[in-house]
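Asker: Here's my sequence, what's the structure:
(2 chains)
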Amino acid sequence: MKYLTLFFVFSCALFVNAQENTLSDYLLFENQILFTNAPVNIDKFVYANNNISNEIIISFYHVNNQTDSIFFYVYNTEIDSLYIESYYIKNINKSIKNDYSKTFTGIAVSDMFIGVLTSEYVYLLSRKDKNLIYKLKDKHKYDFTNIDFIGKNIFLSRNYNFHDKTQKNKTRFYLFTIPDFSLLTEISPSFDYILYSHISPNHWISVNNNKILFSNTVNYKIIIYNNNFEILDTILLSKENEWNSPTIDDISKIQEKKEAISIIYEIGKYENDKERIVGVYWISDSVFLVKVNRGHGESIENLSYDTYFDIWKLKENNWNLEKFHIKDKKLSDVLLEKNEFSFFNCSNIIFTNKNVFLLTFRSPTLLKNISTEEYIKQSNDYFYDNNPIFQIIKYKHSFE
Amino acid sequence: MQKKFVLLLYLVFLYFSAYSQSKIEYNNNLIAFSIKNEKVIFENDKNRIFILISNLSCNACINETVNKINKLKTLLIDSCEIIIILQGNPVNVLECRNNINYYSNIFFNVDKYLFCFDKFENSIFQFQGHLNKDFPKLFIVPKSCENIIEVSYATFNVEKTKKMFNSRHT
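Answerer: Predicted structure coming up:
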C-alpha cells in the first residue's frame, strides 16, 4: 500500500510537471473595448503607449483618405475612456503617397508630444497647441524604422535590411533632443542576422522611460541600454534551456539571397523546429518578456508557428529567467468557458506593469461568459457579412 | 550591321515573349468559393479577369498588378469584370474577411472577392503548380471565347487585353 501511494504521488508529480505552462495562468480578463467608429484599415494601423501616463494612442491614417488631417484615438488604460485628438500636417498625404506602407512607419507619444515617423520626415506635434512644431527630413538619410520618446529626448532607430548599398549600418540608434532635433549621440548596435528583418511583424526594440531592450533574433541575446546608449546588461540563455536555431550552413544559404522575397522564401526552409526571438517587451524596470516563435513546416508555403513567452526578472542586480516558454495558445485551443485566455497569436500587444492590451480586429462578440465553440460560431456568422471591428482586449496580468 | 540585326531580332523576340500566354481551353472550369464556402461557377458570358493572389505574393508585384488593372479599367470603363481569388481557410472566416479587407484597400476596381480554399480538381484556379514569383496570376477570359489566357502579373499587357476585350465586346 505504501508503495502504491508513493507511486500515485510520483505519477501526480510527473503529470503536473508535464502540464504545459500557458499564458492563461497569468491572465485575467478585464474588458473588451470596441472602436465601433474606427476605420477598417487592417493592413496597417500604428500605435504607441505613453511610458509615463496611462495612454495608448492609435492611428488608422491611410494615404487613400487623401487628407492632411490626422486623427489619433487616445485610450486611457485606467478608466477605459476614449477620445480623439486631431492634427493637421500640410502635404503629409502627398509625401507618403509613394510610400510602400501607404501610412506612417510608426508613432510615439509622451505627455507633451506625439512623434510621427514616415519615410520622408519625422514630425513632432505639440499636444498642448495641437500643431506641428518640427519636422526632420529623413528620406534615405537615416531610414528610421522605430520612434520612441525616452527621458527628455527622442530615440529614433533603424533595424532593417535596406537594399541601398551605400548604407553602411543597417542597425543604428540615434538620440535627438526635443523639440529642435539636435543629434546627441548615435551608435551601431550589433544585430545577428539583418536578413531576418524582412520577416514581420517583429518587436526587437522595447523602450521604457529610461532603458532600451534590444534583442537579436536567431541567437538568444538581449542587450539593455540606458537612455544614453550605454550597455547596462547582456542577457544570454543558459545552456540548460533548449534553443534550436538554424545552422551556420543554413544561414549562409540565406545570405546568398539578395532580394527580400527570395530571402523570405529561403528563411522559410530553415524554420522547421527552430526558434527565433520575434519580440521583447518591458513590463516594468525589473521585468521583461521575450516572445519566441517556433516554426513547423518545411517551406514557407506550409509554415506555421507556435508562440512562447519567457519571463525575465531582475533580482539582486542579476537578470534571472523566471519562466521559460509559456505557451500562447490559439483561440481554438483555449476554453473560454473555463476563463482560459491567451494572446491568440495577436502581434500588436502593449504591456504595462499591471495590464496587457491586445490591439486587434475581431468580431464584436464578447469573449467573456461564452464557450469557445459558441464564440467561434458567432464570430464566423458575423464575418460572413461584416467587417471586423477594431478592439482592445484588456487583461490584468501577473508577470510581475 | 549583323550585330544590330541580332539586337533587333532579340528586341522583336522580347516584344512577343513579353506577353507569352498560356492558353487553357474553357471547359466550365471557372470555379471559386464565396467566403461562406459556396461554390461559384462562372460562364464565359462576360469579359472577365480573375486575379489569383497567393498569401505569398510580394507587395511590389501586387502594386504592379493594381496599376495595370486600374489602367485597364480606365480604358474599358465597365466592359470588364474583375474578380480577385484569394487563398484562405473556410474554417477561419476572420482570416478570409481580413484578406478581403486588405485587398479592398489596395484594389479599387474589383467586382467580387472569392476564394480557392482547397485543391478543387475541376477549377483552373489553383495555387499549387505555380512559381511564387509569378503571383499574382491573371486569367483573362474574353466573352464567348473558348480560350482562357493565363499570364503572370509581370507579363500582363493592358493594351493587348483591351484590344482582346474590345473585339469581343458588344
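Asker: show me what contacts A:D99?
Answerer: Residues in contact with A:D99 (Cβ atoms under 8 Å, 6 or more residues apart in numbering or on different chains) are A:V63, A:T118, A:S119, A:E120. Where C-beta positions appear, they are placed from N, C-alpha and C, glycine not excepted.
Asker: and if you look at A:N65?
Answerer: By Cβ under 8 Å, 6+ apart, the neighbours of A:N65 are A:N93.
Asker: Got the phi and psi for it?
Answerer: phi -60, psi -20 (degrees, to the nearest 10).
Asker: Look up how far chain B lies from it.
Answerer: From A:N65 across to chain B, the span is 11 Å (Cβ to the nearest Cβ, to the nearest Å).
Asker: For chain B, name the helix or strand with the lowest mean pLDDT.
Answerer: Across the helices and strands of chain B, mean confidence by mean pLDDT, DSSP states H and E is lowest for helix B:2-17: a mean of 50.
Asker: Show the subsequent helix or strand relative to it.
Answerer: strand B:22-25 (DSSP states H and E).
Asker: Quick one: low-confidence residue ranges for the chain.
Answerer: No chain specified, so I'll use chain A. Residues of chain A meeting the criterion pLDDT under 70: A:1-20, A:41-43, A:164-167.
Asker: looking at chain B here, not the other one
Answerer: Across chain B, the ranges flagged by pLDDT under 70 are B:1-21, B:77-78, B:168-170.
Asker: Get me the contact residues on chain B for chain A.
Answerer: For chain B, the residues in contact with chain A (Cβ under 8 Å from any Cβ of the partner chain) are B:35-36, B:56, B:58-59, B:93-94, B:96-98, B:101-102, B:105-106, B:132-133.
Asker: ok, which pair from those is furthest apart?
Answerer: For these, the farthest-apart pair by Cβ to Cβ is B:K36 and B:K133; their separation is 32.1 Å.
Asker: got the contact list for the spatially most central residue of chain B?
Answerer: Nearest residue to the geometric centre of chain B (Cα atoms, centre = their mean): B:L138, 1.9 Å. Going by Cβ under 8 Å, 6+ apart, B:L138 touches B:I49, B:F50, B:I51, B:L52, B:T65, B:E150, B:V151, B:S152, B:Y153, B:F156.
Asker: now swap in A:K253 and tell me
Answerer: Here A:K253 is in contact with A:E266, A:K269, A:Y270 (criterion: Cβ under 8 Å, 6+ apart).
Asker: What segments of chain B are helices?
Answerer: Taking DSSP state H as the test, the helices found in chain B are B:2-17, B:59-76, B:93-104, B:158-168.
Asker: Quick test: name the residue nearest the centre of chain A.
Answerer: What sits nearest the mean C-alpha location of chain A, by Cα atoms, centre = their mean, is A:H203, with 4.3 Å.
Asker: gap between that one and A:K258?
Answerer: A:H203 sits 26 Å away from A:K258, going by Cβ to Cβ, to the nearest Å.
Asker: try A:N131
Answerer: Distance, A:N131 to A:K258, by Cβ to Cβ: 44 Å.
Asker: related to what we said a few turns ago, filter the residues of chain B next to chain A down to the buried ones.
Answerer: B:35, B:56, B:58, B:93-94, B:96-98, B:101-102, B:105-106, B:132-133 (16 or more other Cβ atoms under 10 Å in any protein chain shown).
Asker: Turn these into JSON lines, columns for distance to A:I311.
Answerer: As requested, these are exported to JSON lines (distance: Cβ to Cβ, whole Å):
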{"residue": "B:I35", "distance to A:I311": "39"}
{"residue": "B:L56", "distance to A:I311": "34"}
{"residue": "B:C58", "distance to A:I311": "37"}
{"residue": "B:V93", "distance to A:I311": "34"}
{"residue": "B:L94", "distance to A:I311": "29"}
{"residue": "B:C96", "distance to A:I311": "35"}
{"residue": "B:R97", "distance to A:I311": "34"}
{"residue": "B:N98", "distance to A:I311": "30"}
{"residue": "B:N101", "distance to A:I311": "35"}
{"residue": "B:Y102", "distance to A:I311": "34"}
{"residue": "B:N105", "distance to A:I311": "37"}
{"residue": "B:I106", "distance to A:I311": "39"}
{"residue": "B:N132", "distance to A:I311": "38"}
{"residue": "B:K133", "distance to A:I311": "42"}
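Asker: related to what we said a few turns ago, nearest to A:K330, of the contacts of A:D99?
Answerer: Nearest to A:K330 among these is A:V63, at 33.2 Å by Cβ to Cβ.
Asker: Now tell me what touches stretch A:315-333 from outside.
Answerer: Identification of contacts with stretch A:315-333 by Cβ under 8 Å, 6+ apart yields A:20-26, A:233, A:235, A:237-238, A:241, A:292, A:306-314, A:340, A:342-345, A:372, A:375-376.
Asker: Oops, could you answer that again for stretch A:254-274 instead?
Answerer: Here stretch A:254-274 makes contact (Cβ under 8 Å, 6+ apart) with A:161, A:163, A:193, A:195-196, A:198-199, A:244-247, A:250-251, A:253, A:294-301, A:303, A:305, B:56, B:58, B:132-133.
Asker: Show me which residues of it are buried.
Answerer: Buried residues in stretch A:254-274 (16+ other Cβ under 10 Å): A:254, A:257, A:260-272, A:274.
Asker: quick revisit: deepest-packed of the helices of chain B, please.
Answerer: Among those, the stretch with the highest mean neighbour count (mean count of other Cβ atoms under 10 Å in any protein chain shown) is helix B:93-104, at a mean of 20.
Asker: Run the chain-centre distance for the strand or helix carrying A:F173.
Answerer: A:F173 is part of strand A:171-176 when elements are defined by DSSP H and E. Its chain's C-alpha centre lies 19 Å from the corresponding centre of strand A:171-176 when counted by Cα atoms, centre = their mean, to the nearest Å.
Asker: That one packs against which elements?
Answerer: Contact here means 3 or more Cβ pairs under 8 Å, 6 or more residues apart in numbering or on different chains; DSSP states H and E; on that basis strand A:171-176 packs against strand A:153-159, strand A:183-187.
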